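J.: A structural model of the following input is requested.
(2 chains)
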Amino acid sequence: MTAVVAPAPPKCRSGTASLPGRRFVLPTAFIAFLISLQELLTRTEVLPSNYFPPASEIFTAFIGELGGSALPDALFGTLSTWLQALVISVVLGTVIGVLLGLVVPLEAFLRPVIEFLRPVPSVALIPLVVLTIGTGSDSALFLAVFAAFWQVLIPAIVGVRSAHPVALETARSYNFTLWQRIRYIQLASMMPYLVTSIRLATSTTLILIVTAEIIIQMPGLGYEITMSRSAGNPARMYAYIALSGIAGIVLNGLVRWAESRVASTHGKGGKQ
Amino acid sequence: MLIVSDMEKTYPTKSGGFTAVSGMSFHIEEGELFTIVGPSGAGKTTLLRCISGLDDVTAGSVTFNGQQVSGPPREFAVVFQDYARSLMPWITVAKNVELPLMKKGISAAERAQRVASALEEVGLADAMEKKPFQLSGGMQQRVAIARAIAYRPQVLIMDEPFASVDAQTRADLEDLLLRIREETGTTVLFVTHDVDESVYLSNRVAIVSRSPSRIDEIVDIPLPYPRDQIRTKSLPEFATLRTHVFGRIREMVSTATPMAA
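T.: Got it, this is the predicted structure:
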């Protein structure tokens, strides 16, 4: 399961900031062009419209859903599971990562187990999860945490160990307590790694939850996608696909925003 | 009194072991400013790490006031050359200075007072709430010195502390060190590869040979304190002492076997 993280948009130099048009108008125009092209190709049946409903129909279906009760429920179901999965995987991955990073023999002991479990694609566990946990949202939660946990754990271990030797020797020579060393040196050295892994986990958990909803058929965006397909309503299906995409963009944006808030209160942390 | 007695340090290598320091013996009196100078690759840093308790000695001993040094003693503070790594970049200057004081059973009020006076001492009273990365290199090293003096060590150990700052800043920091020593009476163990710096600062200069390094000669520096960058350095005695120390080091480098280079 690979999670795709959008690259950061190129930073706008202050000199070109006076041309916001360039940055927003052109991309928006291009998107509008793509939508119109889709509309044209489907209306003219170049693309069969029973598989590819025209954009305007998808949009109408989307607006129709906004008034119904299925969309808020589905959105809430997916997002609440996502938030739980993100928090659990980040907290668990960080705490265990710090522990394994500090206690080298423990990490050496557990490494074979970690290296065995880590590459297991989360989706491969779906049958097992259905058997053991059932078809509730707990199953999606487990799958998402299982996938994202490793993405947090491994960078956490590396991050804790990336503390500079001079910083660690300073701690030793001033007889820092263990907590002071972890709090002021190792957590700081881990921060850049943690930020990246939270961003990865954001996408991974969302992907896994939507997948689980489609396959296990539990309430959420994925469930609405697959139900629309079996009900022969492709426009509604595309509307929900688009909604999952938008959810991904918004969540990624929120995480980036939180990240920049943290960076501005803590400083960039120097060149670690 | 700090006594280094027949100290040896060997690092394990594939070919049996590399002896960085061997048969090293000297002592440092209380309140003395003692400098170790030697050619690069002379195991000065190894020596200092063993004395400060950051490394174990292979043979011999380091004792401070009758106590064998094993692990960094509470009475020592170390100022590293790499100030940028030695300071915690994410916390304020004041917090950096306060951090080592947080568990010595010192009250918050006294900590605050010590932090303020240490930063005042190094001329950084205005920078308390800044982050280290917002300061210049020289200022960061001042923070590291403030941290050391707020800790009130009996021995201040400095490993080439001024090697990565510009010449003007370096002179200022040397004078800062002399002033602090004058006011606090702290014993200072200073390591440098700069001959002028060693003669300018010290009561005694120990010249160490290339590895396995041992004391080549200990030179008394009877120049009067307070010292002055211009006046002291223009004294004929300064020139004589400097020439002597420099000559010893040059001799060592030229007679060294080529493999040492």
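
J.: could you chop chain B up by domain?
T.: What the record gives for chain B is the domain set B:1-75+B:155-232, B:87-152, from automatic domain parsing.

J.: mind checking these for the one nearest to chain A?
T.: Among those, the nearest to chain A by Cβ to the nearest Cβ is domain B:87-152 (3.7 Å). The way it works is simple: take the backbone N, C-alpha and C, and place the C-beta from them, glycine included.

J.: circling back: nearest to A:Thr42, out of the domains of chain B?
T.: The minimum distance between A:Thr42 and those falls on domain B:87-152, with 53.9 Å, by Cβ to Cβ.

J.: picking up where we left off before, I'd like the domains of chain B as TSV, with distance to chain A, mean pLDDT and mean neighbour count appended.
T.: Converted to TSV, the domains of chain B look like this (distance: least, Cβ to the nearest Cβ, whole Å; pLDDT from 0 to 100; neighbours: other Cβ atoms under 10 Å in any protein chain shown):
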stretch	distance to chain A	mean pLDDT	mean neighbour count
domain B:1-75+B:155-232	5	89	18
domain B:87-152	4	89	19
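
J.: now render those as TSV, adding distance to A:Asn175.
T.: What follows is the domains of chain B, written out as TSV (distance: least, Cβ to Cβ, whole Å):
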stretch	distance to A:Asn175
domain B:1-75+B:155-232	6
domain B:87-152	7
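
J.: figure out which of those is closest to A:Ala212.
T.: Using Cβ to Cβ, the domains of chain B put domain B:87-152 closest to A:Ala212, at 38.1 Å.

J.: quote the end-to-end distance of that closest one.
T.: From its first residue to its last, domain B:87-152 covers 18 Å (Cα to Cα, to the nearest Å).

J.: how about low-confidence regions in chain A?
T.: By pLDDT under 70, the low-scoring segments of chain A are A:1-21, A:264-272.

J.: at 80 instead, please
T.: Along chain A, the parts satisfying pLDDT under 80 run over A:1-22, A:262-272.

J.: and the strands in it?
T.: Assigned strands in chain A: none (criterion: DSSP state E).

J.: all helices of it, in order?
T.: A:20-43, A:55-67, A:70-102, A:104-117, A:126-132, A:137-161, A:165-173, A:178-181, A:187-216, A:221-230, A:234-266 (DSSP state H).

J.: helices or strands up against the third one?
T.: Where contact means 3 or more Cβ pairs under 8 Å, 6 or more residues apart in numbering or on different chains; DSSP states H and E, helix A:70-102 is packed against helix A:104-117, helix A:137-161, helix A:187-216, helix A:221-230, helix A:234-266.

J.: buried residues in that helix?
T.: Residues of helix A:70-102 classed as buried: A:71, A:74-75, A:77-79, A:81-82, A:84-86, A:88-90, A:93-94, A:96-98, A:100-102 (neighbour count, 16 or more other Cβ atoms under 10 Å in any protein chain shown).

J.: would you list the helices and strands packed on helix A:70-102 in TSV and tack on distance to B:Arg214 and mean neighbour count?
T.: Output for those, formatted as TSV (distance: least, Cβ to Cβ, whole Å; neighbours: other Cβ atoms under 10 Å in any protein chain shown):
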stretch	distance to B:Arg214	mean neighbour count
helix A:104-117	36	11
helix A:137-161	36	23
helix A:187-216	38	22
helix A:221-230	74	19
helix A:234-266	47	16
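
J.: as CSV, these with distance to chain B would be great.
T.: Listed next are the helices and strands packed on helix A:70-102 as CSV, based on distance: least, Cβ to the nearest Cβ, whole Å:
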stretch, distance to chain B
helix A:104-117, 19
helix A:137-161, 14
helix A:187-216, 5
helix A:221-230, 38
helix A:234-266, 5
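
J.: which of those sits closest to B:Arg142?
T.: helix A:187-216 (21.5 Å).

J.: surely A:Leu141 and A:Ala85 touch.
T.: Yes. Taking contacts as Cβ atoms under 8 Å, A:Leu141 lies within contact range of A:Ala85: 5.4 Å.

J.: what residues are shared contacts of those two?
T.: A:Ile209 (Cβ atoms under 8 Å, 6 or more residues apart in numbering or on different chains).

J.: check which helix or strand covers B:Thr19.
T.: Assigned by DSSP states H and E, B:Thr19 falls within strand B:18-28.

J.: list every C-alpha atom in that strand, with coordinates, as CSV.
T.: What follows is strand B:18-28, C-alpha atoms only, in CSV (Å, rounded to 0.1, in the frame of the first residue of the first chain):
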residue,chain,number,x,y,z
PHE,B,18,45.3,2.3,18.6
THR,B,19,47.0,4.0,21.6
ALA,B,20,46.0,7.6,21.5
VAL,B,21,47.4,8.6,24.9
SER,B,22,50.1,6.8,26.8
GLY,B,23,52.0,7.4,30.1
MET,B,24,50.3,10.8,30.6
SER,B,25,50.9,12.3,34.0
PHE,B,26,50.4,15.9,35.2
HIS,B,27,48.4,17.7,37.8
ILE,B,28,46.3,20.9,37.8
